[in-house]
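Student: the following comprises the amino acid sequence and a computationally predicted model.
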Amino acid sequence: MATATAAKPAKSDASFTDTATLRAQARKHIDQGPVTQSFPKDREVIIAQLNKSLATEWVCVLRYMRHYYTADGLVSEPIKAHFLEHANEERAHADKLAERIVQLGGEPDLDPATLTQRSHAEYQVGKTLKDMVKEDLIAERIAVEAYRELIAYVGDRDPTTRIMLEGILAQEENHADEFRDLLEGWQGE
Ligand SMILES: [Fe+2]
Ligand SMILES: [Fe+2]
């Protein structure tokens, strides 16, 4: 004999918005595009935080390119390749963040005059190759912590933003891991 609970659907219809309401809501505010009724009410806070991450990514692109151009000597060749690869990946992160800011109805702030003040990470040039790698590791650790915090804040309220941030976070963790390994095996200055 089937039990009463097994026969019940997992969720009653009352848990979901009825079709007529869904249709009516979608017709309102069509200028907001993908931003619909149940989006987090603190969307502006999320957009502001995404803009801080956007500034961070651009500062990281610029710092990695500076390191790429100024690292010299035969020893530095494989490390230069890392600098360039990371610069390209940070640039791709910046693209994703800017696109999401626009989708959420915000404006991506790319004003170079205020970039370093708005960025979490610093633009540290580093005197030696080892300094550069150390500064890059620190910047990656800053990014990891900031992304973890933002992911926790967004939670399940905006899955698209969260999934994007999780993808970026995984790459920042890889970057930090590579530089930690490099520093651990470092010979000389
Ligand atoms: Fe990044
Ligand atoms: Fe990174």
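Tutor: Cool, got the structure. Numbers count the residues shown, from 1 in each chain. Ligands and ions are numbered 1, 2, ... in the order given.
Student: which bits of the chain sit near ligand 1?
Tutor: The chain has residues 57, 90, 93 near ligand 1, with proximity defined as Cβ under 5 Å from the ion. In short, each C-beta sits where N, CA and C put it, glycine included.
Student: for residue 71, phi and psi?
Tutor: phi -70, psi 120 (degrees, to the nearest 10).
Student: give the burial count for residue 181, as a bare number.
Tutor: Neighbour count for residue 181, taken as other Cβ atoms under 10 Å: 10.
Student: if I look at it, how far off is ligand 2?
Tutor: 15 Å (Cβ to the ion, to the nearest Å).
Student: ok, residue 100 next?
Tutor: Counting by Cβ to the ion, the gap from residue 100 to ligand 2 is 18 Å.
Student: hang on, that residue packs against residue 160?
Tutor: Yes: assessed by Cβ atoms under 8 Å, residue 100 is found in contact with residue 160 at 7.4 Å.
Student: ok, so of the residues of the chain next to ligand 1, who is nearest residue 126?
Tutor: Minimum distance to residue 126 across those is 16.6 Å, recorded for residue 90 (Cβ to Cβ).
Student: neighbours of residue 71, how many?
Tutor: 19.
Student: which ones are touching it?
Tutor: Residue 71 makes contact with 79, 80, 83, 129, 132 under the criterion Cβ atoms under 8 Å, 6 or more residues apart in numbering.
Student: tell me which other helices or strands the host helix or strand of the second one touches.
Tutor: By that I understand residue 80. If you go by DSSP states H and E, residue 80 is part of helix 77-103. Packing partners of helix 77-103 (3 or more Cβ pairs under 8 Å, 6 or more residues apart in numbering; DSSP states H and E): helix 43-70, helix 129-154, helix 159-184.
Student: what's the angle between that helix and helix 43-70?
Tutor: Interaxial angle of helix 77-103 relative to helix 43-70 (axes from the mean of the first three to the mean of the last three Cα atoms, to 10 degrees): 160 degrees.
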